[in-house]
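K.L.:
Got a sequence here, can you build the structure:
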Amino acid sequence: MTAPLQGIRIVDLSTVFSGPMAAALLSDQGADVIKVESLEGDTTRMIGPAKGDLSSAFIAANRGKRNIALDLKTPAAIEVLHALLARADVLIENFRPGVMQRLGLPDADLAQRYPGLIRLSITGFGPDGPRALDKAYDAVIQAIGGVAASQRDPATGAPVILASTVSDKVTALTAAQAVTAALFARSRDGQGRRVEVSMLDATLAFQWPDAMYNHVWVDDAPAPFPEFGATQRPWRTADGHVATMVPQPAEFAGMCAALGRPDIPQDPRFATLPARYRHGKELRALLEPLMAQFDNATLEANFRAHGAALGRVNERPEVLSDPQVRHNQSVVEVPNGDAGRVRVARSAARFDGQAQAPTQGGARLGQHSAEILNELGFDDHRIAALRASGAVRQSP
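P.N.:
Purely as a prediction, here's the structure:
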């Protein structure tokens, strides 16, 4: 099967996670992605265990891409960039507002020069407004967007920053979907488009159905509902931890039966879902000692037999050996040049039953500079001049 985005060419100017992960997802689905990196390299090259300039974080966010290293502050490098854009379908950047203009690449000029180009701009807070020029990283957006307030330390009640760049990642998913929508629209009218995605907007949209449900009503608001997940955390068992969700009446009854207490659903405090939310602390106090009596395997078997959902809490190394993860081939091994094989999580979507997985890992800084320049029609003399001037870097 031909990959869905086969033939689409993407120039990726973005750094860290929000833009690079969007581009990596599109690469998994068949797009030819060229990452244009500064001569100093992406910050993620320094995050996680590394072999030289290849870190695990960089590989995960930049798998499957070719790499050219350019100093975009030089006119010669901007000339190279324009040569790339002339052949591209999509441009991805996540600079703060104003940076592209300072580089001599205002959007109006790009739209005129490349009328079919999809221009994706990812920002922290949006293109304008009181915080538009502020620096934005994931923890900052988690704080402002309500994610931290939605996660509370059970002992102190203090807000918690998730130990995962969730705002970056949901922004990447949002951006990748928006790019494919823009490409679909272009297939009908031939027009490129500017697509803008802010991390703050993506995070708020992600939060809204559950974490912000008490803020949906505008007129004649009903009484507030207990906050979603206020008592939702793993349960300690005889040999580890598990997590469960049982919103349906039959599922709640099944859980209680699996724990040897089929009478619990008859208690008025727990008879309905709203009641269980309002009496969450009492329910948790009742269930905790019951959960602790069983080991994980017994709980899994009991819950399955009674039609209730439950999963053991895998420690990070255990995720790799989880039977369903292995069956789905969710984590794949790919070659990464002289760094050897690496593991990456493949894109989740399957097309006609076929998974879309990268065929290679991440590139070293400037690894494909000469190759890409040759494709653009630069001869060896011009490439040597670009390298000598410092406009281009080629890895050894």
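
K.L.:
how's the chain carved up into domains?
P.N.:
Annotated domains of the chain cover 9-207+331-393, 235-312 [automatic domain parsing].

K.L.:
how about those, which one is nearest Pro226?
P.N.:
Pro226 lies closest to domain 235-312 among these, at 4.3 Å (Cβ to Cβ). Yep, even glycine has a C-beta here, placed from its N, CA and C like the rest.

K.L.:
mind listing the strands in the stretch 201-350 of the chain by residue range?
P.N.:
235-236, 241-243, 311-312, 331-335, 341-345, 350-351 (DSSP state E, counting those that start in this stretch).

K.L.:
about what we covered before: dump the domains of the chain into TSV; add distance to Asp220 as well.
P.N.:
TSV is the format used below for the domains of the chain (distance: least, Cβ to Cβ, whole Å):
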stretch	distance to Asp220
domain 9-207+331-393	23
domain 235-312	19
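
K.L.:
out of those, nearest to Gln324?
P.N.:
Ranked by Cβ to Cβ, the member of the domains of the chain that lies closest to Gln324 is domain 235-312, at 9.4 Å.

K.L.:
Which strands and helices lie in contact with the top helix by length along the chain?
P.N.:
Longest helix of the chain, by residue count under DSSP state H: helix 166-189. Under the contact criterion of 3 or more Cβ pairs under 8 Å, 6 or more residues apart in numbering; DSSP states H and E, helix 166-189 touches helix 18-28, strand 90-93, strand 118-123, helix 138-144, strand 194-198, helix 199-207.

K.L.:
who touches stretch 235-253?
P.N.:
232-234, 254-255, 262, 265, 270, 272-273, 276, 287-288, 291-296, 299-300, 303, 306-313 (Cβ atoms under 8 Å, 6 or more residues apart in numbering).

K.L.:
and what of stretch 42-55?
P.N.:
15-17, 20, 41, 56-58, 61-62, 336, 339-340, 361-362, 364-365, 395.

K.L.:
Which ones among these map onto helices?
P.N.:
Taking DSSP H, the ones among those that sit in helices are Pro20, Ser56, Ala57, Phe58, Ala61, Asn62.

K.L.:
The residue nearest to Ala257 when sequence neighbours are not counted: what's it in contact with?
P.N.:
Leaving out its chain neighbours, the residue that sits closest to Ala257 by Cβ to Cβ, 6 or more residues apart in numbering is His306, at 4.9 Å. By Cβ under 8 Å, 6+ apart, the contact set of His306 is Ala253, Gly254, Met255, Ala257, Ala258.

K.L.:
want to throw the residues you listed into CSV with neighbour count and distance to Ala178?
P.N.:
What follows is these, written out as CSV (neighbours: other Cβ atoms under 10 Å; distance: Cβ to Cβ, whole Å):
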residue, neighbour count, distance to Ala178
Ala253, 18, 43
Gly254, 23, 40
Met255, 26, 39
Ala257, 19, 46
Ala258, 25, 43
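
K.L.:
With distance to Gln329 and pLDDT as extra columns, can I get those in CSV?
P.N.:
Below are these laid out as CSV (distance: Cβ to Cβ, whole Å; pLDDT from 0 to 100):
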residue, distance to Gln329, pLDDT
Ala253, 36, 97
Gly254, 31, 97
Met255, 31, 97
Ala257, 35, 97
Ala258, 31, 97
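
K.L.:
rewinding a little: out of the helices and strands packed on helix 166-189, which one sits most buried?
P.N.:
Greatest average neighbour count among the helices and strands packed on helix 166-189 goes to helix 18-28 (a mean of 28), per mean count of other Cβ atoms under 10 Å.

K.L.:
avg pLDDT for that one?
P.N.:
For helix 18-28, mean pLDDT rounds to 97.

K.L.:
Export the helix or strand following it to CSV, keeping only CA atoms.
P.N.:
Later in the chain than helix 18-28, the nearest helix or strand by DSSP states H and E is strand 32-37. Extracted in CSV, the C-alpha atoms of strand 32-37 (Å, rounded to 0.1, in the frame of the first residue of the first chain):
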residue,chain,number,x,y,z
ASP,A,32,9.6,13.4,2.8
VAL,A,33,10.6,15.7,5.7
ILE,A,34,13.7,17.8,5.6
LYS,A,35,14.6,19.2,9.0
VAL,A,36,16.4,22.5,8.8
GLU,A,37,18.5,22.8,11.9
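
K.L.:
So what touches strand 32-37?
P.N.:
7-13, 15, 20, 23-24, 26-27, 62, 64-70, 72, 81, 84, 363, 365-366, 368, 372.
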